[in-house]
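> pasting the structure only:
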């Protein structure tokens with residue numbers, strides 16, 4: 001049964017990492033599209049993009065830690 005816990009933690013950590021990668025990719029793509037549409041707002045868009053990306057990374061890190069603590 002212990003091996004199932006290890007497998008579950010590994011799958012959970014992997015899914016958290018994949019989710020973070022997809023989320024940051026979507027954020028970056030949307031921000032570049034927005035900058036392309038309104039170049040004069042590039043500074044505000046970039047700032048918001050960095051803040052949101054940091055929050056997504058924080059949530060992903062938290063999820064990975066929770067998965068490993070579940071062991």
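Right, received. Where do you want to start? If you're wondering where the values come from, they're calculated on a predicted model, not measured in any experiment. Residues are numbered from 1 along each chain as shown.
> and residue 27, how far from residue 48?
To residue 48, residue 27 is 9 Å away according to Cβ to Cβ, to the nearest Å. C-beta: built from backbone N, CA, C; applies to glycine.
> repeat that for residue 66.
27 Å.
> more crowded one of residue 27 and residue 48?
Neighbours were tallied for residue 27 and for residue 48 using other Cβ atoms under 10 Å; the higher tally belongs to residue 27 (18 against 14).
> wait, that one sits on residue 51?
No: contact between residue 27 and residue 51 fails when scored by Cβ atoms under 8 Å: they sit 10.0 Å apart.
> number of nearby residues for residue 20?
Neighbour tally, residue 20, other Cβ under 10 Å: 19.
> would you mind measuring from it to residue 30?
Relative to residue 30, residue 20 is positioned 16 Å away (Cβ to Cβ).
> swap in residue 51?
14 Å.
> so what sits against both of those two?
By Cβ atoms under 8 Å, 6 or more residues apart in numbering, residue 51 and residue 30 have no common neighbours.
> mind listing what the spatially most central residue of the chain touches?
Among the residues of the chain, the one closest to the centroid is residue 20, at 2.4 Å (Cα atoms, centre = their mean). Applying Cβ under 8 Å, 6+ apart to residue 20 gives the contacts 56-57, 59-60.
> buried residues in the helix or strand hosting it, which are they?
Assigning secondary structure by DSSP states H and E places residue 20 in helix 2-37. Within helix 2-37, the residues that count as buried by 16 or more other Cβ atoms under 10 Å are 9, 12-13, 16, 20, 23-24, 27, 31, 34-35.
> now stretch 43-60
Neighbour-count burial for stretch 43-60 [16+ other Cβ under 10 Å]: 45, 49, 52-53, 56, 60.
> which two among the residues you listed are spaced furthest apart?
Spanning the widest gap among these are 45 and 60, at 22.2 Å by Cβ to Cβ.
> quick revisit: and the contacts of residue 20 as CSV, adding distance to residue 1, pLDDT and secondary structure?
Shown next, in CSV, are these (distance: Cβ to Cβ, whole Å; pLDDT from 0 to 100; DSSP: H, G, I helix; E, B strand; the rest coil):
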residue, distance to residue 1, pLDDT, secondary structure
56, 33, 95, helix
57, 33, 95, helix
59, 29, 95, helix
60, 28, 94, helix
